[in-house]
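In: Fold the following and give me the result.
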Amino acid sequence: MYKFLILLIVLFIMVLADAKVVEMTDGTFYKRIKEQKLWLVVFHAKWCPHCRTFLKKLDPLSMKLEKIGVHVALIDGSENPSMAVRFSVKSFPSLFFLDPSSSTTWIYSDNDRSHDAIVEYASGGYVYHEELSGGVEI
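Out: Residues are numbered from 1 along each chain as shown. Below is the predicted model:
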């Protein structure tokens, strides 16, 4: 019985290790973004109270998104201003959906920041959201 329980704990830890939020900067974004196909890009700022609340829920969200093949990138917009300008970030937190094989970047413009709403968005609902003018060149 104990061996089975230990095996379950090890498997759970392995799953948690696989689904992780990737912190990116101006210097790492373009290299890392090409490594995977689909990304939810989250811009935040350390001083932003809404961001702190949202970031507390980001790890469980990233596990749900990983199941549908979407990876999560986290960028501190206040420390990486050129990335924030490139994505036309107007407020924090800001969410974007990026497919490096496409020239289109979608802005998550819904105020609903629940896991279900974001997973639905990343599952294809992004096509109903506003496109970032000009996209983000990869």
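In: list the contacts for Glu130?
Out: By C-beta atoms under 8 Å, 6 or more residues apart in numbering, the contact list for Glu130 reads Trp106, Ile107, Ser109. Any C-beta I mention is one placed from the backbone N, CA and C, and that applies to glycine too.
In: Please produce a markdown table containing those residues, extended by pLDDT.
Out: Output for the contacts of Glu130, formatted as a markdown table (pLDDT from 0 to 100):
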| residue | pLDDT |
| --- | --- |
| Trp106 | 85 |
| Ile107 | 85 |
| Ser109 | 82 |
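In: Which one (most neighbours) among those residues?
Out: Trp106 (22 neighbours; other C-beta atoms under 10 Å).
In: and Tyr128, how far is that from Arg32?
Out: 27 Å (C-beta to C-beta, to the nearest Å).
In: And these two? Which one has more around it.
Out: Shown here are Tyr128 and Arg32; by other C-beta under 10 Å, Arg32 has more neighbours (16 against 11).
In: and the helix or strand in which that one is found, what does it pack onto?
Out: Per DSSP states H and E, Arg32 falls inside helix 29-33. Contacts defined by 3 or more C-beta pairs under 8 Å, 6 or more residues apart in numbering; DSSP states H and E place helix 29-33 against strand 21-24, strand 70-76.
In: Now do it: everything it contacts.
Out: Applying C-beta under 8 Å, 6+ apart, the set of residues contacting helix 29-33 from outside is Val22, Met24, Trp39, Ala73, Ile75, Met83, Leu98, Pro100, Ile138.
In: average pLDDT for that helix?
Out: Averaging pLDDT along helix 29-33 gives 86.
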